[in-house]
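Asks: Return a 3D structure for these sequence lines:
(one chain, ligands or ions: 1)
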Amino acid sequence: MTQRLAELKKRFSDAAEQVRDSDALEQMRVEYLGKKGEVTALLKELKSLSGEQKKEAGQRINGFKREVEEHLAALGKRLREEELERKVNAAEQYDITLPARETGGSYHPITLVQREVEAVFTAMGFVVEDYAEVVDDYHCFEALNVPKHHPARDMQDTYYLENGQLLKTQTSAAQNYIMRKYGAPLRAIFPGRCFRNESTDACHEDTFFQVEGIMIDRDISISNLIYFMKTMLSEVFGQQINLRLRPGFFPFVEPGFELDISCLICGGEGCPSCKNSGWLELCPCGMIHPNVLAAGGIDSEEYTGFAFGLGLTRLAMMKYGIKDIRDLNSGNLTALSQFNAE
Ligand code: FA5
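Replies: Below you'll find the predicted structure:
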């Protein structure tokens, strides 16, 4: 036993010197400490020894076992450090001046449709503006002729923050800022993300996009509003779209309308995406209320204007035939990466 143990120690230390990677290390661990390994075999042989011999040999075998374990652990640590060093050295060899590789990425359908809407309106002389997502009560409601405790606030289930601010429920929240920034005459669109505490279904999300537009000048009328909306929608869809205007109430416009388009998913037959009505509520609009112009520092005796709040998310659904609005926020790359700019 003494001689076998000495031979085994020598064999182990020679073999350990040859270990260069974690595969070889694992092989050694199995060879010495595994169920059918050398140490286990020695321990099994103890059965044939008697009393004192058994005790002494047992102690020596267990001592060797500990040595093997410690040696292999130290070796593993060293190999991991060397491996890390190799990776770090390899990383240093990247050339940051090389051009980026093609990633094969794609734009989100909302980005695509937003860009199309922006292109159409830019060509018609509108500026594109951006606005915050966290806004104050004044801009989201009061400046829009919706004072505190006005029942119209119930139409938008609002997320209020502890500091009194809120998550923008509508892109209309930027109207006052833009009127003050440019004064009249003015043509601007402003896309943005909106938030409402909605129960979600195939056509409602709690986070969705709108694009707002306002045009203010002398003698602006409802005919101008209808012209711009028809032009924009037929450009975006590349075909004539059936529209209908219904009276609609929003405190910031007078008169106010709901602009619906015939559902392009079911061709107007009725489906879950249009709540089986054949029409999709896409773009409320109207003539800007004099109180809103006044809050924006614009003389309502001299100027009139229209405003619209287009549901950009719903526009993307119609354009790309997306049946369920929830797919758009799903992060499902298989579903979302199939759209391309035309
Ligand atoms: C508004 O938000 C008004 N600010 C629009 C407006 C602007 C009216 C200017 C007059 C003048 P409404 O709450 O209806 O209105 O929302 C406008 C559009 O946003 C809807 O037609 C719809 O297309 C879209 N929308 C509203 N809520 C959701 C939702 N939960 N999920 C997806 N889209 C929505």
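Asks: show me where the stretch 151-300 of the chain has strands.
Replies: 166-167, 186-195, 207-217, 243-247, 253-262, 279-288 (DSSP state E, counting those that start in this stretch).
Asks: Would you format those strands as JSON lines with mean pLDDT, distance to Ala295 and mean neighbour count included?
Replies: No exception for glycine: its C-beta is placed from N, CA and C like everyone else's. Shown next, in JSON lines, are these (pLDDT from 0 to 100; distance: least, CB to CB, whole Å; neighbours: other CB atoms under 10 Å):
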{"stretch": "strand 166-167", "mean pLDDT": "97", "distance to Ala295": "18", "mean neighbour count": "21"}
{"stretch": "strand 186-195", "mean pLDDT": "97", "distance to Ala295": "14", "mean neighbour count": "21"}
{"stretch": "strand 207-217", "mean pLDDT": "97", "distance to Ala295": "13", "mean neighbour count": "22"}
{"stretch": "strand 243-247", "mean pLDDT": "90", "distance to Ala295": "24", "mean neighbour count": "13"}
{"stretch": "strand 253-262", "mean pLDDT": "92", "distance to Ala295": "14", "mean neighbour count": "20"}
{"stretch": "strand 279-288", "mean pLDDT": "90", "distance to Ala295": "10", "mean neighbour count": "22"}
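Asks: With distance to the ligand as extra columns, can I get the ones you listed in TSV?
Replies: Converted to TSV, the strands of the stretch 151-300 of the chain look like this (distance: least, CB to the nearest ligand atom, whole Å):
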stretch	distance to the ligand
strand 166-167	13
strand 186-195	7
strand 207-217	4
strand 243-247	12
strand 253-262	5
strand 279-288	4
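Asks: Arg11 is nearest to which of those?
Replies: In terms of CB to CB, the element of the strands of the stretch 151-300 of the chain nearest to Arg11 is strand 207-217, at 66.4 Å.
Asks: how about the nearest residue to Ala295, chain neighbours excluded?
Replies: Ala143 (4.5 Å; CB to CB, 6 or more residues apart in numbering).
Asks: Need phi/psi at the one you found.
Replies: phi -70, psi -10 (degrees, to the nearest 10).
Asks: Now the one residue in the chain that gets nearest to the ligand. Nearest residue, chain neighbours left out?
Replies: Nearest residue of the chain to the ligand: Gly311, at 1.9 Å (CB to the nearest ligand atom). Excluding the flanking residues, the one nearest Gly311 by CB to CB, 6+ apart is Leu282, at 5.5 Å.
Asks: Same check on Gln240?
Replies: That would be Ser234: by CB to CB, 6+ apart, it lies 5.7 Å from Gln240.
Asks: Please work out how many residues are found near that neighbour.
Replies: Counted with other CB atoms under 10 Å, the neighbours of Ser234 add up to 14.
Asks: Hmm, it is touching Leu243, no?
Replies: No. Using CB atoms under 8 Å, Ser234 makes no contact with Leu243, being 9.6 Å away.
Asks: Enumerate every residue touching the closest residue to Ala294 other than its chain neighbours.
Replies: On the basis of CB to CB, 6+ apart, the spatially nearest residue to Ala294 that is not a chain neighbour turns out to be Ser300, at 5.9 Å. Contacts for Ser300 (CB atoms under 8 Å, 6 or more residues apart in numbering) come out as 290, 293-294.
Asks: List the contacts of the helix or strand of the chain with the lowest mean pLDDT.
Replies: The helix or strand of the chain with the poorest confidence is helix 333-336; it has a mean of 79 (mean pLDDT, DSSP states H and E). Applying CB under 8 Å, 6+ apart, the external contacts of helix 333-336 come out as 106, 108-109, 327-328, 330.
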